[in-house]
Structures are given as C-alpha cells and as structure tokens.
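[1] what's the 3D shape of this:
(chains A and B)
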Number of protein chains: 2
Amino acid sequence: MKNLINKINENLDKFLPVVYPEDIFKAMKYTLMLPGKRLRPIMCIETSRLLGGSEDDVMPSACAIEMLHVQSLIHDDLPCMDNDDFRRGKPSNHKVFGEANSVLAGDALLTMAPQIIIENSKNLSDTQIVKIIHEYTKFAGAYGLIAGQVVDIESEGGKLVKSAEKTLEFIHLNKTAVLFRLAVRIGAISANASEDELKTFDEFGKKFGLAFQIYDDIMDEISSFEELGKTIGKDKISGKLTYVSLYGLDNAKQKFNSLLDDCYDIIEKYNSLIFNEILDKLRNRINEA
Amino acid sequence: MKNLINKINENLDKFLPVVYPEDIFKAMKYTLMLPGKRLRPIMCIETSRLLGGSEDDVMPSACAIEMLHVQSLIHDDLPCMDNDDFRRGKPSNHKVFGEANSVLAGDALLTMAPQIIIENSKNLSDTQIVKIIHEYTKFAGAYGLIAGQVVDIESEGGKLVKSAEKTLEFIHLNKTAVLFRLAVRIGAISANASEDELKTFDEFGKKFGLAFQIYDDIMDEISSFEELGKTIGKDKISGKLTYVSLYGLDNAKQKFNSLLDDCYDIIEKYNSLIFNEILDKLRNRINEA
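    Below is the predicted model:
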C-alpha cells in the first residue's frame, strides 16, 4: 500500500507543475500534496487491477479523483462554509493563501481533473474517456457531491426538507459515498468491466462510503486533533446532523460494523489484500475505541 | 439575433431543472437566467453555422460556455473576490443565496457544463466530445480563465511579477479573450472544421476578446449603473490595472477600434450578419461616447 501511495503522490506532483501565475498553482498544490491516505485513488486503481486493467492506464483518472476530493476540502474549509483552520494537520488553504486564491484553487482543481484524464490516458478509447468524465460530472456536481454539501450545511441550521433520518441518509450518500462510488466505477470503466462487475463494485463503493462517513462521525466524537489533523468535536458544537447525534454512539458502531461486513462479503471472491487491509484498519480503529 | 437569444435561454432553462436540494439549483439558475447578451454562446453557434455545422448539435456546448461564464461571474462577485453587490442589474448571487451557496453554485455550474455536453450532443462523435471538453478544461482552468483572474486580483494590490504592460496583456488574454476563443473553437470543432478554419476563428475570438475587454474598461469609466447593471467606477477606486488606467482613454479607444478593424477583416469573407451586428454595436457605443 505504501508503494502505491508513493506512486500516486509522484503522479499528482507530475500532473500539477508550478508555472506562472505561481500563486494559484502553489495554492492548488499545497493541499493536494499534504500527506493523505489517498483512499479514493487507491480504491480506483485496485478496482481496475482486480478487473484486469493496467495501473498506468487508470493512474490519471485516479489522480483526478484525488484532485476532486481535495477541491471539495479546500472549499469546505472556507470561512463561509465549515470555517476550518486546519486540514491534514496543517493550516487550511485559505489561512495560507487567502480566501480569493482558495476559491480559485478549488475551481482550478475541478477543471484540471478532467484535463489530466484527457491528456494522459493514451491507452483508453475516446468512448472510455467520455464515460469516465460523464461519471465524474454526475457524481461531482449538483446531482452528487455538491447536493450532499448543500444539505449538510442546511442541516446545521436545522433546515430540513425531509425527515432527519432521510436527510442524514441523503448527506451520507451524496457527500461521502459518491466519491468512493466514483472511484470504483472509474476503475471498472478503465478496465472495460462488464455491467455486472460495475454493479458489484458500485455496491461496494456505496457501502464503504456509508461506513466511512459513520467512521468519520464517530471519530469526531472520540478522536484527537493529533490523530485526525483537523478540528475535533466541531459536529457537536455546530449542531451538525451526524449518525452519532441522531442514533447514538453504540448504534453508530453497530451500523458501521454491519456495513463493513457487507463490504467484506461483496469483494470476498476477489481476494484483494489492499481492500482487506483498508477494511481491517477502519474496523480495528473503531473497535479498539 | 433576438430569436437566437430566446433559443439559448430556452435551452439553458431546459438543461438546468430545479430538483432537490432546490436551493443549489435555484442559486445556479438565478444568475444563469438573468437577461444577458449571451455573446459567447451566440458566437459559438454562429461559428458552427458559418462552417456548416447544425445549430442543434452545437447548442449544448454553447450553453455550457454560458454556464462557465456565469460561474466565473458568481465567484468573481464574492466578498473575498471583487465583492460586487450587483450583477446584470440585480443583487448578485451571494446577496440572495448567501456566500456558501454561491461558492457551491459556481462549483456546480463548472461541473454541469461538460455534463450537459456529454448528455445532449447525440450527433457528435466521442472524439469530438473529448476534443470539446479538452478545450473547455484548458481554457477554463489554471492555464486560462483562472490564471487571468488570479493576476487580475494581484494587480489590484500592486503585486506585479511582470511589467504593467505585460501583466495587463496577460489579464486581458486570459480573463476575457479565452472565453471568446473557447466559444469559436468549440463552434468550429462541432462543425468538424479544418485546422485552418479553426485558426482563423481562433484569431477572431482572440482579437474580439481583447477589444471586448478594452470596451469593458472604457465603459467602467464612462457608463452608468443603469446601462451596465453593475457597480461603475470600481476599477478606478480599487486601483485595478486596466487599459484605460495604463494608456489613457484616447489610446484605449484607438486600440479598441484597431482591434475591431482586424475582426471585420478576419471574418469578412464569411458575410456573417450576426458577427457584423455584434461588432457594429460595440463600435457605435464606444464612438458615440
């Protein structure tokens, strides 16, 4: 896994040079290159590998997903959004580069992600590239990630259009699970997977994403700044709708474990060391808490 | 021209429904549907028509360019950027929907633009679609529009890496001319134009864009809120680097006219009523001032 993280970091670095006007490229690069778990690109690459795809072919798309993820973090941390001063243990983007540059750095990452795919996927057909970018736009935009963020922000103010349960499910599906679904779906498309295989991995990405958000909700309650690298306990203070606030810590742990069981089941037949390692790590961290 | 504007508005309306979570779609739609000149989509469609393309085939791409343009306006008006309370004569996006929703509405438009192209360009080949989205990402991102905005903002604070002349040229090329180049280039690609035709229209888009930004700089000096629908005289107050501030009003008018002459020359052989009407309107407005 460490090897793969290093490769992803090398490619992210390569795909994003620092040229004039340097301030914008530096701002994009700052948050992108902070040490991260690179979970989404890893899951994209591993899905492709399990389905017979080549690592080189999927690497640009995997890096694009990380760019998209980092874009959402940069904008999410802005004073007008979650107003968070720290990210991955360091001052957040706008604290270093100012709000204007952070808005623009996010915009630029959002645009660069598909550009990277188009310019570097030499062995993918135009049809595959169109499919991949279509997935990207569907899951990243107002029908996906951004819808999740909007409802998440609104829920803080107590403005709920649907019931709290339905609202929470919408947020978790759209704010978090979409990027994991996107990651495995793009991995599958890169490997020219069948519809059935795509569905299997989509289900895996969805369940994993839901489990991951509950993990995140639990960690916001029980973890430390040192461990997470971001402000802790904010959900509670801001009155955010989370799995823990709605169902309690014990139920959250139970739901997390049940979703993780499903994940193990879905991908059992692929014998993936990497997916098993990711699932084991999350499970151990929650169950030792 | 009025007919064409109506068609563009109908398609923009159709491509952007209002669904749950409605706040984000309403925010996107608010600025998008304010009455505008729709210059960029018109130039995209007219280029395609002159080169033998069909209006229906290019319409989704033309609308995508307007979405991109409106995205840049929404983010540009934010308090941390140009901090403008009015746009097209109405309260700007963040005054109506709040800053968080405006940041997200811009992000969502940026992502929806290529989605619209992919989902609605039934008669374009995947190769054409990849080419069009590649142009979109190159011109909209850190190598184009956003680079122009960053240098524009920095120039306000007097932070110049290059000379004032070179900086101004960079801003005008990247902040303004790119979108007109993008418009005509995408029009040409939709019509399967030759490399030579693409170059001709690219040159037209570039010269027109430079002329248009000088027009804008002049209008900020001599026009009124009623005419422009946005705050006037802001460039001067903020110490922004403009053609007028650097070379004076007379030189600005001279340069504008010379660029417009080039535009007339470049497209003379195409006998385009629409392009001639656009050029005439701009010229008359400046010369009667």
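[2] contact partners for whichever residue of the stretch 151-289 of chain A sits closest to chain B?
    Relative to chain B, the nearest point of the stretch 151-289 of chain A is A:Val151 (5.0 Å; CB to the nearest CB). (Each C-beta comes from the backbone N, C-alpha and C, glycine too.) By CB atoms under 8 Å, 6 or more residues apart in numbering or on different chains, A:Val151 lies in contact with A:167, A:170-171, A:174-175, B:21.
[3] at 7 Å what do you get?
    Applying CB atoms under 7 Å, 6 or more residues apart in numbering or on different chains to A:Val151 gives the contacts A:167, A:170-171, B:21.
[4] got the CA coordinates for the helix or strand harbouring it in PDB?
    When secondary structure is defined by DSSP states H and E, A:Val151 falls within helix A:145-156. Provided in PDB are the C-alpha atoms of helix A:145-156 (Å, rounded to 0.1, in the frame of the first residue of the first chain):
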ATOM      1  CA  LEU A 145     -21.200  15.700  -4.100                       C
ATOM      2  CA  ILE A 146     -22.500  19.300  -4.100                       C
ATOM      3  CA  ALA A 147     -26.100  18.300  -3.300                       C
ATOM      4  CA  GLY A 148     -24.700  16.500  -0.300                       C
ATOM      5  CA  GLN A 149     -22.700  19.500   0.800                       C
ATOM      6  CA  VAL A 150     -25.700  21.800   0.500                       C
ATOM      7  CA  VAL A 151     -28.000  19.600   2.500                       C
ATOM      8  CA  ASP A 152     -25.200  19.100   5.100                       C
ATOM      9  CA  ILE A 153     -24.800  22.900   5.500                       C
ATOM     10  CA  GLU A 154     -28.600  23.400   5.700                       C
ATOM     11  CA  SER A 155     -28.900  20.700   8.300                       C
ATOM     12  CA  GLU A 156     -26.600  22.600  10.600                       C
END
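[5] which parts of that helix are buried?
    Buried residues in helix A:145-156, counted by 16 or more other CB atoms under 10 Å in any protein chain shown: A:145-155.
[6] could I get the residues you listed as CSV with distance to A:Ile214 and pLDDT?
    As requested, the buried residues of helix A:145-156 are exported to CSV (distance: CB to CB, whole Å; pLDDT from 0 to 100):
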residue, distance to A:Ile214, pLDDT
A:Leu145, 18, 97
A:Ile146, 22, 97
A:Ala147, 19, 97
A:Gly148, 15, 96
A:Gln149, 18, 94
A:Val150, 21, 94
A:Val151, 17, 94
A:Asp152, 15, 91
A:Ile153, 20, 88
A:Glu154, 20, 88
A:Ser155, 16, 86
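[7] closest to B:Asn284 among the residues you listed?
    Using CB to CB, A:Ile146 comes nearest to B:Asn284 of these, at 42.0 Å.
[8] for chain A, what's the longest helix?
    Determined from DSSP state H, the single longest helix within chain A is helix A:195-222.
[9] list the buried residues for it?
    Here helix A:195-222 shows A:197-198, A:200-221 as buried, counting by 16+ other CB under 10 Å.
[10] what's the answer for stretch A:169-182, then?
    Residues of stretch A:169-182 classed as buried: A:170-182 (neighbour count, 16+ other CB under 10 Å).
[11] reformat those as TSV; add secondary structure.
    Below are the buried residues of stretch A:169-182 laid out as TSV (DSSP: H, G, I helix; E, B strand; the rest coil):
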residue	secondary structure
A:Phe170	helix
A:Ile171	helix
A:His172	helix
A:Leu173	helix
A:Asn174	helix
A:Lys175	helix
A:Thr176	helix
A:Ala177	helix
A:Val178	helix
A:Leu179	helix
A:Phe180	helix
A:Arg181	helix
A:Leu182	helix
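[12] and these as TSV, adding distance to chain B and pLDDT?
    Formatted as TSV, the buried residues of stretch A:169-182 follow (distance: CB to the nearest CB, whole Å; pLDDT from 0 to 100):
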residue	distance to chain B	pLDDT
A:Phe170	8	96
A:Ile171	10	95
A:His172	14	95
A:Leu173	13	97
A:Asn174	9	97
A:Lys175	11	94
A:Thr176	16	96
A:Ala177	16	97
A:Val178	12	97
A:Leu179	13	98
A:Phe180	18	98
A:Arg181	16	98
A:Leu182	12	98
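[13] sorry, back to before: out of the buried residues of helix A:195-222, who's near chain B?
    Among those, proximity to chain B is found for none (CB under 7 Å from any CB of the partner chain).
[14] how about stretch A:46-60 as PDB, C-alpha atoms only?
    The C-alpha coordinates for stretch A:46-60 follow below in PDB (Å, rounded to 0.1, in the frame of the first residue of the first chain):
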ATOM      1  CA  GLU A  46      -7.200  -1.600  -7.000                       C
ATOM      2  CA  THR A  47     -10.700  -2.000  -8.700                       C
ATOM      3  CA  SER A  48      -9.100  -1.600 -12.100                       C
ATOM      4  CA  ARG A  49      -6.400  -4.100 -11.200                       C
ATOM      5  CA  LEU A  50      -8.800  -6.700  -9.900                       C
ATOM      6  CA  LEU A  51     -10.800  -6.400 -13.100                       C
ATOM      7  CA  GLY A  52      -7.700  -6.800 -15.400                       C
ATOM      8  CA  GLY A  53      -6.900  -3.200 -16.000                       C
ATOM      9  CA  SER A  54      -3.400  -1.700 -16.100                       C
ATOM     10  CA  GLU A  55      -2.200   0.600 -13.300                       C
ATOM     11  CA  ASP A  56      -0.700   3.100 -15.800                       C
ATOM     12  CA  ASP A  57      -4.000   3.400 -17.700                       C
ATOM     13  CA  VAL A  58      -6.000   4.200 -14.700                       C
ATOM     14  CA  MET A  59      -3.500   6.400 -12.900                       C
ATOM     15  CA  PRO A  60      -4.600   9.800 -14.500                       C
END
